[in-house]
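J.: A predicted structure for the sequence below; I have some questions about it.
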Amino acid sequence: MVLYVVILIFIVSPFFPATENPHWFFRTPDFIRLQSVTIQMVLLALFLIFENYFTLFSWILLAALVGSIIYQVVKVFPYSSLYPRNKPDFPSDGCVSILAGNVLQDNTQYNLLKTEIKQYNPDLVLTMESDIKWEEGLSEIEKVYPYTVKIPLDNYYGMHLYSKTDLINVEVNYHVEEGVPSIFFEYPLSENQTIFFACLHPAPPSPTENETSKERDAELMIVGKIIRKLNKPVVICGDMNDVVWSRTTRLFKKMTAMIDPRIGRGFFPTYHAKYRLMRFPLDHLFHTKDLFVKTMVRTKNFGSDHFAMYYEIHHKKRRKTETKGKLNGDEEKEVEEKIEEGK
């Protein structure tokens, strides 16, 4: 009987996000799909072992469990290393690299992150959850990265950007919530070409943060609408506090015609760095089709609850920019509703 109850829970719960209820309880199954599909496989094996007499109920339960497993696998499979993909090896006329990571405000192992920065030697360094102590702890890297954007906050949403190159049109935005910033800027790739960057860290839906995902969803939709008006290469980077197979993130990618370089390479779960069995891919980078990511690496643990990610982003030769994806009427309405609800 206990096995039946557990199986029923894991049959139904993966479909909670499809209800589009923004409460954290209904969004959580999206985050744990990798874990829950593994548990479903174990439950399937246990059911086949211990179910001695197959009744009509048994067959219905078995079919529902297999159907739920297939539903989840279809969602996550494109982000596994088994998914077929084209190798990102196009003619390039410029490159920029970035190391981005949620440092965990309470973490004090500044030297471990500086070691990762030194190893990868990126053009840009983005830190999230960085307060004044982190600003002081990383001050040494300003010898190499003299151009900075500093937002030291003690609310776990501070953000710092370090660059080897002078940046263009730098903006600090608070699109939805006070105290939750984002950084917009243009990186000069060449004399005639810039790349627009949006660095984000929206608050997650959770019992200890926002009760619903409305604020996070609204920020992604607002940024998506901004991107649709641009006519230049774009990169979105940061701790999105969402998984790439969620409805909101898929809608964001569709409205901006952006690419997730994770597809076909692997899940790259970045949180939780200390618990191997409870890791989710929360830190993302998306880019327009006129760019490609040649190198993508998850760093070593530097004391945070997140791993950082290193990306080497190239601009394709003679490729036109496309930032306006095709949305149907219902999707356009959904975008506006998410913005209104979040605000």
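T.: Structure's in. What do you need? Numbers count the residues shown, from 1 in each chain.

J.: what's the longest strand in this structure?
T.: strand 92-102 (DSSP state E).

J.: quick one: it to chain centroid distance?
T.: Per C-alpha atoms, centre = their mean, to the nearest Å, the displacement of strand 92-102 from the mean C-alpha position of its chain is 16 Å.

J.: buried set for it?
T.: Within strand 92-102, the residues that qualify as buried by neighbour count (16 or more other C-beta atoms under 10 Å) are 92, 94, 96-102. C-beta here means a position set from N, CA and C on the backbone, and glycine is covered the same way.

J.: and residue 7, that one's in a strand?
T.: No - per DSSP: H, G, I helix; E, B strand; the rest coil, residue 7 lies outside any strand segment and is helix.

J.: mind listing what residue 315 touches?
T.: Each residue near residue 315 by C-beta atoms under 8 Å, 6 or more residues apart in numbering is listed here: 92-95, 189, 193, 195, 233, 290-291.

J.: One more pass at 7 Å, please.
T.: 92-94, 189, 193, 233, 290-291 (C-beta atoms under 7 Å, 6 or more residues apart in numbering).

J.: okay, these in JSON lines with pLDDT and distance to residue 171 next?
T.: Listed next are these as JSON lines, based on pLDDT from 0 to 100; distance: C-beta to C-beta, whole Å:
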{"residue": "92", "pLDDT": "88", "distance to residue 171": "28"}
{"residue": "93", "pLDDT": "88", "distance to residue 171": "26"}
{"residue": "94", "pLDDT": "91", "distance to residue 171": "23"}
{"residue": "189", "pLDDT": "92", "distance to residue 171": "19"}
{"residue": "193", "pLDDT": "91", "distance to residue 171": "20"}
{"residue": "233", "pLDDT": "96", "distance to residue 171": "17"}
{"residue": "290", "pLDDT": "93", "distance to residue 171": "22"}
{"residue": "291", "pLDDT": "95", "distance to residue 171": "21"}
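
J.: With respect to residue 305, which of these is nearest?
T.: Of all the contacts of residue 315, residue 291 has the smallest distance to residue 305: 29.3 Å, by C-beta to C-beta.

J.: Many thanks, we can stop here.
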